[in-house]
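# predicted coordinates and the sequence they were generated for:
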Amino acid sequence: MEKLVYSVIGVMSGTSLDGIDLAYIRFEKKEHWTFHIIEAETYSYSEDWKLILQNLHRSSTTILAEKDLQYTKLLGDTILKFINSKNLREIDLICSHGHTIFHEPDRGITYQIGNKEALAKQLVQTVICDFRAQDVLLGGQGAPLVPIGDLLLFPDYNACLNLGGFANGSMSKNGDVIAYDICAVNTVMNLLAEKKGMPFDKGGELAKNGTLIPELFSDLGALKFYKIDSPKSLGIEWVNSIISPLLAKFNDHKVENILHTYARHISFEISRNFSENQHVLVTGGGAKNLFLMSLLKTDCLATLFLPDEKLIDFKEALIFGFLGVLRVRNEVNCLSSVTGASVDHSSGYIFFP
């Protein structure tokens, strides 16, 4: 008899370096898929690891391989800490995204550290990971991967928006599910907040107290990425090579003013991707930026819905848990209409202890 209930740990580390998100979820297949997030926790990175992850893309292949193994051990230790602190006993799968170091799909490159067989051996659990690589091999962007979860887990909404390191949206168009990255969010906002000695702009207070820099707003809006049709995706390389040098031209302005302008840019770019007939579920750390959300509610014609805080914080961990369930069932978890791959497929490597 086909298994219908799965107890899963979903693991996510985003490019904004907030930490490692873990969620213990029960999925059940009835008429449609249902889920319940039973436990969830974010484990912050040490300052040393933050520095390593910020700079690893510049390292030699030897150092990269060494840090990959060390990060896999860190991931395993963190997952074990979560399991023991929450006293979790029933675990069918551990489904991990890893941490992205390179994502340049147009060059056939995507690489997430932490996706090693050693993780399954350390945890003595079945691990499903490395969800992006197969899609890139099939000619896709390897991202976004959340839309299949949006489609099957959140049928009450006709669009979803995640405000994480990058903003990405998913929606139906002409009978197909489409999704794509829209712009950089916390990857940029956090870097700016750090200039004021803060890890992030809590509630958007810094940005709220700034004023618009019209030239910067115009320059940001003119970037080529925004003129490209989907499928398309963004990586930290784009922030480092395009956004950071552009912002550096305005270093003589107050950080608050740059943050304010960038928040208005985010709102503008997101708003032009949604229409008034859409009911949009909004999640991710950026959903807690009250200033950004106030801009979006003014600029966006769509109706925006904020769920409970647990779903705001852990939706990506939830979705990667679900991607693992679909993978172990050999069901499609990666849509060609989203990524541009040659076919729909079931992606992710399965490692046994």
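Received the coordinates, thanks. Residues are numbered from 1 along each chain as shown.
# which residues are in contact with residue 325?
Counting by C-beta atoms under 8 Å, 6 or more residues apart in numbering, residue 325 touches 6, 8, 27, 93, 95. Glycine gets a C-beta too; all of them are placed from N, C-alpha and C.
# which residue ranges form the strands in the stretch 101-250 of the chain?
Using DSSP state E, counting those that start in this stretch, the strands of the stretch 101-250 of the chain run over residues 109-113, 127-129, 159-163, 166-173, 176-184.
# what pLDDT does residue 17 get?
If you check residue 17, the pLDDT there is 87.
# tell me the phi and psi of the residue nearest to it when sequence neighbours are not counted?
Excluding its sequence neighbours, the residue lying closest to residue 17 (C-beta to C-beta, 6 or more residues apart in numbering) is residue 50, at 5.4 Å. Dihedral pair for residue 50: phi -60, psi -50, per degrees, to the nearest 10.
# got the contact list for the lengthiest helix in the chain?
Of all segments of type helix in the chain, defined using DSSP state H, the longest is helix 61-85. In this structure, residues lying in contact with helix 61-85 by C-beta under 8 Å, 6+ apart are 9, 11, 20, 22, 24, 39, 41, 43, 49, 52, 56, 59, 88, 91, 94, 96, 98-99, 101, 113-116, 118-119, 122-123.
# ok, 7 Å please
By C-beta atoms under 7 Å, 6 or more residues apart in numbering, the residues outside helix 61-85 that reach it are 9, 11, 20, 22, 41, 43, 49, 52, 56, 94, 96, 99, 113-114, 116, 118-119, 122-123.
# wait, residue 20 sits on residue 43?
Yes - contact status for residue 20 versus residue 43: in contact at 4.8 Å, counting by C-beta atoms under 7 Å.
# who has more neighbours, those two?
Shown here are residue 20 and residue 43; by other C-beta atoms under 10 Å, residue 20 has more neighbours (25 against 17).
# from residue 350, how far off is the more buried one?
Look at residue 20 and residue 350: by C-beta to C-beta, to the nearest Å, they are 21 Å apart.
# same check on residue 154?
26 Å.
# which residues touch residue 210?
By C-beta under 7 Å, 6+ apart, the contact set of residue 210 is 254, 256-257, 259-260.
# narrow these to those in helices?
Secondary structure assignment by DSSP H places 256-257, 259-260 of the contacts of residue 210 in helices.
# distance to residue 346 for these - can I get that in TSV?
Shown next, in TSV, are these (distance: C-beta to C-beta, whole Å):
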residue	distance to residue 346
256	47
257	47
259	41
260	44
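# those: which two are farthest apart?
257 and 259 (7.3 Å; C-beta to C-beta).
# any idea how far residue 100 is from residue 202?
From residue 202 across to residue 100, the span is 25 Å (C-beta to C-beta).
# so which of those two has more stuff around it?
More neighbours surround residue 100 than the other of residue 202 and residue 100, with 23 against 12 (other C-beta under 10 Å).
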